[in-house]
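Colleague: Have a look at this prediction, sequence included:
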Amino acid sequence: MKPINVGLLGIGTVGGGTFTVLKRNAEEISRRAGRPITITVVADKNLELARQVTGGGVRLTEDAFSVAADPEIDIVVELIGGYGVAKELVLKAIENGKHVVTANKALLAVHGNEIFAAAQKKGVMVAFEAAVAGGIPIIKALREGLSANRIDWIAGIINGTTNFILSEMRDKGLSFAEVLKEAQALGYAEADPTFDIEGIDAAHKATIMSAIAFGIPMQFDRAYVEGITRLDASDIVYAEQLGYRIKLLGIARRRERGVELRVHPTLIPARRLIANVEGAMNAVLVQGDAVGATLYYGKGAGAEPTASAVIADLVDVTRLHTSDPEHRVPHLAFQPDQVRDVPVLPIEDVITSYYLRMRVDDKPGVLADITRILADSDISIEALLQKEAAEGESQTDIIMLTHQTVERNANAAIARIEALPVVSGKVTKLRMESL
Ligand SMILES: NC(=O)C1=CN([C@@H]2O[C@H](COP(=O)(O)OP(=O)(O)OC[C@H]3O[C@@H](n4cnc5c(N)ncnc54)[C@H](OP(=O)(O)O)[C@@H]3O)[C@@H](O)[C@H]2O)C=CC1
Ligand SMILES: N[C@@H](CC=O)C(=O)O
Ligand code: NA
């Protein structure tokens, strides 16, 4: 049967993995897709790299736009990244009636509403399994496998780089900078690693999942985003002593008046499966009303794991490209005219529990002052750790775990605690989820 022709834009980490796996497993993939899937042209700024990876035999060009316009190309695979040229290329390919496969979560979280509308209008598919949790088929699960459910919440470790950094720092005592360098060398990190360490990449992915889970538009600009750069090593240790692990979680939760969409370091009970996800591995927990909790685990970054998802999309598009667009699974799971304008709630409206660490004078009555403020605010304490003051020091740390409260209330109580003369500096607040 006539092969389907693919134009590959960007042959870096993921593009290279895609080329390699497609070549290695060509026969199996063609048996699944019903016809061979052939990369006929590769565009990359670095032609020497492209030559090395492809080993010749494939047309190479520096001009990605020529691929998006090439009448011989059926599917354009965008693996360049970013919101700039990648957006123009994807829209150009759609305009030219080509299907698109992309791993670009930044592009979809920020411009997805426009891109999917353009694709819908043109009757082409934009497939993006690799954009969330790399090789884990989470888009497939949310969009198809769980379609009977009202999804209540999703919580995931969806950035391999930061999970790798947190794991290596804890287990090997390595420094943040050292581990970040290693993550970059292993191909996990984004071109701009601040996207990883400041939580932006995880927020891109959580935004995409929230749209698919709840049938709402992408609202990345309203997500609450906090990375791991301000995380203090002492909090990792105290959390462990209290039976918790700290993970950077992406959370999307349905509430009565909107949805929570947030990324931040989170304490999780150490006995939970997700608390034990280490290194660059990802895991996503999805709570559906019918199925209950389901957990998806696997490699969320790196060349071949991500290529696995890119190629699965290529197989899907190959199988479906002659089908009637009306009968395809909608890009974001819900029929476009059924998408509801549900707002993302501000972080002050989020309801969760808290880890609070404060530096206090080591003298009688201090604990009573603090617990009185919490009681006045209707915040009950679940656990408490008071360290003995180090020799010669007059101050010590108090760590408290609270029960759930709305963030606005927690903030007000914290402000009152900080105003106590016996408390020095700021109270460290981390959010906790029991999952
Ligand atoms: N790495 C990973 O584990 C994962 C990455 N992703 C996503 O996949 C995408 C690709 O990431 P990754 O492979 O890591 O990135 P890389 O930087 O390794 O690869 C991108 C490639 O595109 C080339 N490129 C840049 N601009 C152009 C252009 N205008 N025309 C043609 N080629 C161009 C780059 O060349 P040069 O280097 O010379 O600029 C580079 O070779 C991103 O959207 C990323 O977020 C998704 C999941 C996992
Ligand atoms: N930089 C990302 C790559 C995959 O999406 C990560 O570390 O998870
Ligand atoms: Na995926």
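Modeller: Noted; the coordinates are in hand. Residues are numbered from 1 along each chain as shown. Ligands and ions are numbered 1, 2, ... in the order given.

Colleague: my guess is residue 213 meets residue 154, correct?
Modeller: Yes: in this structure residue 213 lies within contact range of residue 154 using CB atoms under 8 Å: 5.7 Å. The C-beta positions use only the backbone N, C-alpha and C, and glycine is treated the same way.

Colleague: between these two, what contacts are shared?
Modeller: Taking CB atoms under 8 Å, 6 or more residues apart in numbering as the criterion, residue 213 and residue 154 both touch 142, 252, 286.

Colleague: mind listing which of the residues you listed are in strands?
Modeller: 252, 286 (DSSP state E).

Colleague: Turn the shared contacts of residue 213 and residue 154 into TSV, columns for neighbour count.
Modeller: Written out in TSV, the entries for the shared contacts of residue 213 and residue 154 read as follows (neighbours: other CB atoms under 10 Å):
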residue	neighbour count
142	26
252	29
286	25
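
Colleague: of the shared contacts of residue 213 and residue 154, closest to ligand 1?
Modeller: residue 142 (16.8 Å; CB to the nearest ligand atom).

Colleague: my guess is that closest one meets residue 210, correct?
Modeller: No: in this structure residue 142 lies outside contact range of residue 210 using CB under 8 Å: 10.1 Å.

Colleague: Could you tell me which residues touch both of the two?
Modeller: Both residue 142 and residue 210 are contacted by residue 154, under the criterion CB under 8 Å, 6+ apart.

Colleague: Contact residues of the protein facing ligand 2?
Modeller: By the rule CB under 6 Å from any ligand atom, the part of the chain lying against ligand 2 is 134, 159-161, 188-190, 196, 201, 300-301.

Colleague: just those residues now: which is nearest residue 292?
Modeller: residue 300 (23.3 Å; CB to CB).

Colleague: Let me see the contact set for the closest one.
Modeller: Taking CB under 8 Å, 6+ apart as the test, what residue 300 contacts is 133-136, 157-160, 280-282.

Colleague: Leaving aside the residues adjacent along the chain, what's closest to it?
Modeller: For residue 300, ignoring the flanking residues on the chain, the nearest one in space by CB to CB, 6 or more residues apart in numbering is residue 282 at 2.9 Å.

Colleague: What is the neighbour count of the one you found?
Modeller: Counted by other CB atoms under 10 Å, the residues lying close to residue 282 total 27.

Colleague: Where does it fall, secondary structure wise?
Modeller: Under the criterion of DSSP states H and E, residue 282 resides in strand 281-288.

Colleague: related to what we said a few turns ago, ok, the residue nearest to residue 300 touching residue 133?
Modeller: Yes: here residue 282 reaches residue 133: they are 4.5 Å apart, a contact under CB under 8 Å.

Colleague: which residues are common contacts for the two?
Modeller: 156, 158, 298, 300.

Colleague: Lowest-confidence one in those?
Modeller: Of all those, residue 300 carries the smallest pLDDT score, 94.

Colleague: and residue 295, what element?
Modeller: Per DSSP H and E, residue 295 falls inside strand 292-299.

Colleague: Packing partners of that strand?
Modeller: strand 281-288 (3 or more CB pairs under 8 Å, 6 or more residues apart in numbering; DSSP states H and E).

Colleague: In the stretch 301-435 of the chain, mark out all the helices, start to finish.
Modeller: For the stretch 301-435 of the chain, the helices defined by DSSP state H, counting those that start in this stretch cover 303-320, 366-376, 407-419.

Colleague: pLDDT (mean, whole number) over the last one?
Modeller: Yep, that's helix 407-419 we're talking about. Averaging pLDDT along helix 407-419 gives 98.

Colleague: returning to that earlier point: from the shared contacts of residue 282 and residue 133, which is closest to ligand 1?
Modeller: Nearest to ligand 1 among the shared contacts of residue 282 and residue 133, counting by CB to the nearest ligand atom, is residue 300 at 7.1 Å.

Colleague: Against residue 306, how distant is that closest one?
Modeller: 8 Å (CB to CB, to the nearest Å).

Colleague: what residues are shared contacts of those two?
Modeller: Common contacts of residue 300 and residue 306, defined by CB under 8 Å, 6+ apart, comprise 134-135.

Colleague: coming back round to it: and the contacts of the strand holding residue 295?
Modeller: Against strand 292-299 from outside (CB under 8 Å, 6+ apart): 133-138, 141, 146, 160, 273-274, 277, 280-288, 305.

Colleague: now do stretch 129-136
Modeller: Against stretch 129-136 from outside (CB under 8 Å, 6+ apart): 14, 101-105, 108, 137-140, 156, 158, 160, 204-205, 208-209, 282, 284, 296-302, 304-310, 312-313.
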